[in-house]
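>>> no FASTA, just this:
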Ligand SMILES: *Cc1c(COP(=O)(O)O)cnc(C)c1O
């Protein structure tokens, strides 16, 4: 089996003596040793084997192996949530006095890490406008330890040129190049192929894809994952075997689901593009997106998020959201059900107006996580709410 899809569908925790076809759920905190000698050898890492589910578990290992296959990664680790994964990807490496360079448009809690928590430990962060290559160069300091970014960004859907950044990083071999690849998923975008060191996901989003459980994963260079392993063994943000069992099965349908999320999202973006009640539509695979060519180069399709600005500002956006019938307002994304949110008053409410403007978040901006329903029903719900709130 050479192809990713066959490999991940056939990847499975070692079959037990019961000869099950589908993988069992390994709800066990620890694993027994056949002898005291085996216990010694496993602890000494002379023999491979499971010890304790804070370290590893058959369900989490199966999940990690699948993500490694999808992203061409040497190794990986699973976490209790996306934020646990993001946090560990920094905390395992940073020391007092270190510096981080990050794209400005990032997930809210990651922004809180950089601005509220890391400064307490003597770690500073510089933000860059990621679309401008010069800015990266200017932001690097002698103590820069990690370069971090999201692409496409949330909710502005700006892209960073991954190939360019991979080459740029070659000048700084000691710096870790890391991406939160959550919006694109490993199916649409494979940053490690461009020389990235670590790729991080909130598995809560498209990997589960059905809005059920939290999870996170980091894949990348084995040498770095080993260092992170030390951190998670002794701090305990491990993924629950139950969540791993759910998300691992979901990965079998990731490609199918993403194809549908993307085709629905493109259809919605096209339907809204020249609509008289819409100020602006952002979607990476719309030819009007300023980075359309880059999107085509580094992504297999445009992803499942469409951000648009309704005419009439916040007041209209609120009335529009309240008039949606099928689509619900909730702060998740990457679900089989379409979800609408108002970034300016929720996920990005803590930023100043100026910061929001900088990220392209207007009072009338709506972020739509396009689900797997029939596209006619998604588009229909949005058009009727626009019509009613004219
Ligand atoms: C949701 C999300 C996270 C955090 O993940 P959780 O699983 O909710 O902890 C991090 N980054 C991005 C881009 C996200 O969308």
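Now that the structure is in, tell me what you want to look at. Please read these numbers as outputs of a predicted model, since none were measured by experiment. Numbers count the residues shown, from 1 in each chain.
>>> Contacts made by the lowest-mean-pLDDT helix or strand in the chain with the rest, please.
Here the helix or strand of the chain ranked lowest by mean pLDDT, DSSP states H and E is helix 353-358, holding a mean of 88. Here helix 353-358 makes contact (C-beta atoms under 8 Å, 6 or more residues apart in numbering) with 104, 129, 343, 344, 348, 362. Just so you know, the C-beta spots here come from the backbone N, C-alpha and C atoms, and that holds for glycine as well.
>>> What is the neighbour count of residue 354?
By other C-beta atoms under 10 Å, the residues close to residue 354 number 7.
>>> Let me see the contact set for residue 161.
Contacts of residue 161 by C-beta under 8 Å, 6+ apart are 133, 294, 298.
>>> Work out the gap between the host helix or strand of residue 101 and the centre of the chain.
According to DSSP states H and E, residue 101 maps onto strand 99-103. Relative to its chain's centre, strand 99-103 lies at 18 Å (C-alpha atoms, centre = their mean, to the nearest Å).
>>> which residues sit against the helix or strand just after it?
Beyond strand 99-103 on the C-terminal side, the first helix or strand identified by DSSP H and E is helix 108-112. Outside helix 108-112, the residues within contact range by C-beta under 8 Å, 6+ apart are 83, 86, 102, 148, 180, 347, 348, 350.
>>> ok, now with 10 Å
Contacts to helix 108-112, defined as C-beta atoms under 10 Å, 6 or more residues apart in numbering, come from residues 81-83, 86-87, 90, 102, 104-105, 116-118, 125, 127, 148, 150, 154, 180, 200, 202, 343, 346-351, 355.
>>> Now list the buried members of these.
Among those, those scoring as buried are 81-83, 86-87, 90, 102, 104-105, 118, 125, 127, 148, 150, 154, 180, 200, 202, 343, 347-348, 351 (criterion: 16 or more other C-beta atoms under 10 Å).
>>> near the ligand, from those?
Among the buried ones among the contacts of helix 108-112, the ones lying close to the ligand by the criterion of C-beta under 6 Å from any ligand atom are 81, 82, 83, 86, 150, 154, 180, 202.
>>> Tell me which of those has the lowest pLDDT.
Minimum pLDDT for those is recorded at residue 154 (90).
>>> show me the contacts for that one.
Neighbouring residues of residue 154 by C-beta under 10 Å, 6+ apart: 105-108, 180, 182-183, 305, 307, 333, 343, 347-348, 359, 361, 367.
>>> Doesn't it belong to a strand?
No. Read with DSSP: H, G, I helix; E, B strand; the rest coil, residue 154 is coil and lies in no strand.
>>> I'd say residue 190 and residue 71 touch.
Yes. Counting by C-beta atoms under 10 Å, residue 71 is a contact partner of residue 190 at 5.5 Å.
>>> Need the overlap of contacts for the two.
Contact criterion C-beta under 10 Å, 6+ apart; residues bridging residue 190 and residue 71 by contacting each: 181, 196, 199.
>>> ok, residue 98 - how many residues close by?
Neighbour tally, residue 98, other C-beta under 10 Å: 19.
>>> please renumber so the chain begins at 134
Okay, residue one is now 134; in that scheme the one you just asked about reads as residue 231.
>>> for the nearest residue to it once chain neighbours are set aside, helix, strand, or coil?
Among residues not flanking residue 231 along the chain, residue 278 sits closest, at 4.2 Å (C-beta to C-beta, 6 or more residues apart in numbering). Following three-state DSSP, the label given to residue 278 is strand.
>>> Please enumerate the strands of the stretch 284-433 of the chain.
309-313, 331-335, 349-353, 411-415 (DSSP state E, counting those that start in this stretch).
>>> Check which helix or strand residue 442 maps to.
strand 438-443.
>>> can you state the direction angle for that strand and strand 411-415?
160 degrees (axes from the mean of the first three to the mean of the last three C-alpha atoms, to 10 degrees).
>>> Out of the strands of the stretch 284-433 of the chain, which gets nearest to residue 135?
Nearest to residue 135 among the strands of the stretch 284-433 of the chain is strand 349-353 (19.6 Å), distances taken as C-beta to C-beta.
>>> tell me what the helix or strand containing residue 267 is packed against?
For residue 267, the enclosing helix or strand under DSSP H and E is helix 266-272. Packed against helix 266-272, as judged by 3 or more C-beta pairs under 10 Å, 6 or more residues apart in numbering; DSSP states H and E, are the following elements: strand 232-236, strand 257-261, strand 277-283, helix 295-302.
>>> Residue 323 and residue 204: who's more crowded?
More crowded of residue 323 and residue 204, by other C-beta under 10 Å: residue 204, with 24 against 21.
>>> Quick check, the residue in the stretch 184-333 of the chain closest to the ligand?
Among the residues of the stretch 184-333 of the chain, residue 215 lies nearest to the ligand; the distance is 2.1 Å by C-beta to the nearest ligand atom.
>>> From residue 455, how far out is that residue?
Distance, residue 215 to residue 455, by C-beta to C-beta, to the nearest Å: 29 Å.
>>> just to revisit the earlier point, with neighbour count, pLDDT and distance to residue 519 as new columns, can the contacts of residue 294 be given to me in CSV?
As requested, the contacts of residue 294 are exported to CSV (neighbours: other C-beta atoms under 10 Å; pLDDT from 0 to 100; distance: C-beta to C-beta, whole Å):
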residue, neighbour count, pLDDT, distance to residue 519
266, 13, 83, 38
427, 19, 97, 30
431, 23, 98, 32
